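>>> Curious how this folds, go ahead:
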Amino acid sequence: MSQYPILLTVPESFESSRLIIRAPLYGDGAAVNEAVVESLEELRPWMPWANGIPTVEESEVSIRKSRLEYLQRTDLRMLLIHKETGKLVGSSGLHRMDWTARSFEIGYWARTSYAGQGYIAEAVEAITNFAVQALEANRIEIHCDARNQRSAKVAERSGYTLEGVLRNHKRANDWSLRDTMIFSKVRGAEF
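Residues are numbered from 1 along each chain as shown. You can find the predicted model right below:
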């Protein structure tokens, strides 16, 4: 693989059993905005960007920035689209990438109306396989607030190993100090 990530041919989309998982496209802002507004109360404790209600225009700006980052290979945000309904189920992707080590972090959130139905675990499994096969990942991590048990359960169900807990690691949205759980899969051990 090239030492220049921007030269890599990275697929724009792939599928799991119920989802189309794809790069953001111009025009996706309205669908993302609808999902975020619906889910704001559930997202607010965990997502730093969920403090206020975004406008459709702000959501489109975020999508366009994510599109450019995907093309530059600096962040691979992915939208989770329900195959049958075409509805946005949530968002995920590969973040905080170290291309020299082939290390990636999976982040995710589910739209409230699709939460608790296994879509995020399904997406995590598909994105893990994508990272291993298409990007030759050596290490994949999942980070979550130690109080976010739903997120931790996704990591555990997806076969990720809890490596440790970083105590008083970051400020939570309520400005309390939070602990961060670090889960991982590494080449040679879990894949």
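
>>> contacts and neighbour counts: CA atoms only from here.
Fine.

>>> Quick check: which ranges of the protein have low pLDDT?
Regions of the chain meeting the criterion pLDDT under 70 cover residues 1-2.

>>> go with 50
Scanning the chain for pLDDT under 50 picks out no residues.

>>> That one: helices as residue ranges?
In order along the chain, the chain carries the following helices (DSSP state H): 29-43, 56-72, 119-135, 149-157.

>>> Would you tell me which of those helices gets closest to Ala101?
Between Ala101 and these, the tightest spacing by C-alpha to C-alpha is seen for helix 119-135, at 11.1 Å.

>>> Quick check: the closest residue to Arg102 other than its chain neighbours vs Met181, distance?
Nearest-residue entry for Arg102: Ala137, 4.8 Å, with adjacent residues in sequence omitted and distances by C-alpha to C-alpha, 6 or more residues apart in numbering. Using C-alpha to C-alpha, to the nearest Å, one gets 21 Å for the distance from Ala137 to Met181.

>>> swap in Arg22?
Distance of Arg22 to Met181, given as C-alpha to C-alpha: 27 Å.

>>> Dump stretch 59-76 to PDB, restricted to CA.
Written as PDB, here are the backbone C-alpha positions of stretch 59-76 (Å, rounded to 0.1, in the frame of the first residue of the first chain):
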ATOM      1  CA  SER A  59     -25.800  19.600   9.000                       C
ATOM      2  CA  GLU A  60     -25.100  20.000   5.300                       C
ATOM      3  CA  VAL A  61     -21.800  21.900   6.100                       C
ATOM      4  CA  SER A  62     -20.800  19.000   8.400                       C
ATOM      5  CA  ILE A  63     -21.600  16.500   5.600                       C
ATOM      6  CA  ARG A  64     -19.600  18.500   3.000                       C
ATOM      7  CA  LYS A  65     -16.600  18.700   5.300                       C
ATOM      8  CA  SER A  66     -16.900  14.900   6.000                       C
ATOM      9  CA  ARG A  67     -17.000  14.300   2.200                       C
ATOM     10  CA  LEU A  68     -13.800  16.200   1.700                       C
ATOM     11  CA  GLU A  69     -12.100  14.400   4.700                       C
ATOM     12  CA  TYR A  70     -13.200  11.000   3.200                       C
ATOM     13  CA  LEU A  71     -11.600  12.000  -0.100                       C
ATOM     14  CA  GLN A  72      -8.400  13.200   1.600                       C
ATOM     15  CA  ARG A  73      -8.400  10.000   3.800                       C
ATOM     16  CA  THR A  74      -8.100  12.100   7.000                       C
ATOM     17  CA  ASP A  75     -11.400  10.800   8.400                       C
ATOM     18  CA  LEU A  76     -13.800   8.200   7.000                       C
END
